[in-house]
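Colleague: Just the structure for this:
(chains A and B)
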2 protein chains.
Amino acid sequence: MEKQINVNKPKRRLTKKGEETRFRIVKAAAELMFEHGVASTTVEEVQKKAQVSASQLYHYFKEKRALVQAVIIYQTEQVLSTQKSWVIQLDSMEALRTWRDAIVQLQNSRQCRGGCPIGSLASELSDVVPEARSELAAAFMNWEHFICKGLHAMQERGELSSDANPDELALALLTALQGGLLLTQVRKETLPLEIGLDSMLEHISSFII
Amino acid sequence: MEKQINVNKPKRRLTKKGEETRFRIVKAAAELMFEHGVASTTVEEVQKKAQVSASQLYHYFKEKRALVQAVIIYQTEQVLSTQKSWVIQLDSMEALRTWRDAIVQLQNSRQCRGGCPIGSLASELSDVVPEARSELAAAFMNWEHFICKGLHAMQERGELSSDANPDELALALLTALQGGLLLTQVRKETLPLEIGLDSMLEHISSFII
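Modeller: Just a heads-up that it's a prediction; the model follows:
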């Protein structure tokens, strides 16, 4: 049987070395964009940091927009896999507090630089690059789903009151997290993140039976 | 008596016409930066939008950084005066809900574009322009103080439990607001803003006696 080639997913056709080069470019771009913003990051800087030639970079990404899309996907995977490495599920108050502590610790270890890797891309791109906005909205939906799944599990086990709306609580917690990360970035102290998350966790715990 | 000239505040020495020109430049820059971001706004674009010559612009702002500082001050004044036009004081749950409704309505009228004028500047500039970060931290402090003052008044009147910490509740509400505005900008619907603010207001109301 002839090997199928999925034309919609060209990256599937990359060799192992090709995948590695592509990953190196995306990682370099993600780091630069996280530090300086998307508009202030040039393709030449990415090329230099990733140690690839201009034609190599062009081979994988025909234009900056395509690179930005890959960066959004990369950062989403990074954020979610990091969070899942702390807690497999956010399905207890204890798990939620472990998650809260780990986020605060991460910002401290970063000297409160950079805010949220997804949030800062969202702030810069949502109104100017429509396809980036869609990808970022999907990223936040995935994140919300991760929180929501745990709250639903708590409700199903009868630990969270039936009066609680897990979908709304998950979204509310994500707003406190995003706002907390932004204010932490501005103030260069984790207090806003701690207070924002603690207040929302206290609100969630008011539904605990 | 000789008229005093405060050398630390050169803008005081501007004529009425000079003040108007300066204001026109700052307003134009604020609008462009709100729409496209600071990095993507050139001095030439500001000059064109404000309908001033290059030398006129240079007369008021020797470099882009000075213009950015003026934009931060302008946006802070705009945001706070708008909020104070809705409610003089946030010193009751009714006032807090009026404020919440007005913010949601404003984002709706903007088709959820732009997020928070201060928050988006904060996300872009906090780590790259130190003097902008200080000005933005001060802007958020003013905003927090506006919320906090009302909550303190409620506590002094005995309407808010002595267990409540008005400073923390004000900061928590600001995180929900900032996160809600960001997610609203990404999703192009005000649901995250509504859910974030409502959850935090519910938390605050749990301290009402």
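
Colleague: List the contacts of the helix or strand encompassing residue A:23.
Modeller: Following DSSP states H and E, the helix or strand that holds residue A:23 is helix A:16-36. Outside helix A:16-36, the residues within contact range by CB atoms under 8 Å, 6 or more residues apart in numbering or on different chains are A:11, A:14, A:41, A:45-46, A:49-52, A:56-57, A:60-61, A:67-68, A:70-71, A:74-75, A:78, A:113-114, A:117, A:120-121, B:127-128. All C-beta atoms are positioned from the backbone trio N, CA, C, and that covers glycine.

Colleague: ok, of these, which come out buried?
Modeller: A:41, A:46, A:49-50, A:52, A:56-57, A:60-61, A:67-68, A:70-71, A:74-75, A:114, A:117, A:120-121, B:127 (16 or more other CB atoms under 10 Å in any protein chain shown).

Colleague: Of the contacts of helix A:16-36, which belong to helices?
Modeller: Counting by DSSP state H, the contacts of helix A:16-36 place A:45-46, A:49-50, A:56-57, A:60, A:67-68, A:70-71, A:74-75, A:78, A:117, A:120-121 in helices.

Colleague: centre of the chain versus the biggest helix by length in chain A, how much separation?
Modeller: As assigned by DSSP H, the longest helix anywhere in chain A is helix A:130-156. Centroid separation for helix A:130-156 versus its chain: 10 Å, with CA atoms, centre = their mean, to the nearest Å.

Colleague: repeat for stretch A:128-143
Modeller: 10 Å.

Colleague: For residue A:14, give me its contacts.
Modeller: Contacts of residue A:14 (CB under 8 Å, 6+ apart): residue A:22.

Colleague: So what does it have for phi and psi?
Modeller: Per-residue torsions, residue A:14: phi -70, psi 150 (degrees, to the nearest 10).

Colleague: Please tell me I have it right and residue A:126 contacts residue B:186.
Modeller: Yes - judged on CB atoms under 8 Å, residue A:126 makes contact with residue B:186 at a distance of 4.9 Å.

Colleague: which of the residues in the helix holding residue A:23 are buried?
Modeller: The neighbour-count check on helix A:16-36 (16+ other CB under 10 Å) flags A:21-22, A:24-34, A:36 as buried.

Colleague: By pLDDT, give me the weakest of these.
Modeller: The member of the buried residues of helix A:16-36 with the lowest pLDDT is residue A:36, at 92.

Colleague: where's the closest residue to residue A:166 other than its chain neighbours relative to chain B, distance?
Modeller: Nearest in space to residue A:166, with sequence neighbours left out and distances taken as CB to CB, 6 or more residues apart in numbering or on different chains, is residue A:151 at 3.6 Å. Note on residue A:151: its distance to chain B, by CB to the nearest CB, to the nearest Å, is 13 Å.

Colleague: Share the number of residues neighbouring residue A:151, please.
Modeller: Number of residues near residue A:151 (other CB atoms under 10 Å in any protein chain shown) recorded here: 24.

Colleague: Pop out the phi and psi values for residue A:160.
Modeller: phi -110, psi 130.

Colleague: dump the residue contacts of the spatially closest residue to it that is not a sequence neighbour.
Modeller: Nearest residue to residue A:160, sequence neighbours excluded (CB to CB, 6+ apart): residue A:154, at 4.2 Å. Taking CB under 8 Å, 6+ apart, we find residue A:154 in contact with A:91-92, A:160, A:166.

Colleague: Please apply the same query to residue A:95.
Modeller: Residue A:95 touches A:87, A:89, A:150, counting by CB under 8 Å, 6+ apart.

Colleague: now residue A:195
Modeller: Applying CB under 8 Å, 6+ apart, the residues contacting residue A:195 are A:180, B:168, B:171-172, B:175.

Colleague: what's the farthest-apart pair in the residues you listed?
Modeller: A:180 and B:168 (12.3 Å; CB to CB).

Colleague: More neighbours: which of these two?
Modeller: Between residue A:180 and residue B:168, residue A:180 has the larger neighbour count (other CB under 10 Å), namely 34 against 17.

Colleague: can you tell me the helix or strand for that one?
Modeller: Under the criterion of DSSP H and E, residue A:180 resides in helix A:166-187.

Colleague: Give me the buried stretch members for that helix, please.
Modeller: Neighbour count says helix A:166-187 has A:166, A:168-187 buried, by 16+ other CB under 10 Å.

Colleague: Just the CA coordinates for that helix, please, in CSV.
Modeller: Provided in CSV are the C-alpha atoms of helix A:166-187 (Å, rounded to 0.1, in the frame of the first residue of the first chain):
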residue,chain,number,x,y,z
PRO,A,166,-17.6,24.7,37.3
ASP,A,167,-17.4,26.3,33.8
GLU,A,168,-17.9,29.7,35.3
LEU,A,169,-15.5,29.1,38.2
ALA,A,170,-12.8,27.9,35.8
LEU,A,171,-13.2,31.0,33.6
ALA,A,172,-13.2,33.2,36.7
LEU,A,173,-10.0,31.6,38.0
LEU,A,174,-8.3,32.1,34.7
THR,A,175,-9.2,35.8,34.7
ALA,A,176,-7.7,36.2,38.2
LEU,A,177,-4.6,34.3,37.0
GLN,A,178,-4.1,36.4,33.9
GLY,A,179,-4.7,39.7,35.8
GLY,A,180,-2.5,38.5,38.6
LEU,A,181,0.3,37.7,36.2
LEU,A,182,0.0,41.0,34.5
LEU,A,183,0.1,43.1,37.7
THR,A,184,2.9,40.9,39.0
GLN,A,185,4.9,41.8,35.8
VAL,A,186,4.3,45.5,36.3
ARG,A,187,4.9,45.6,40.1
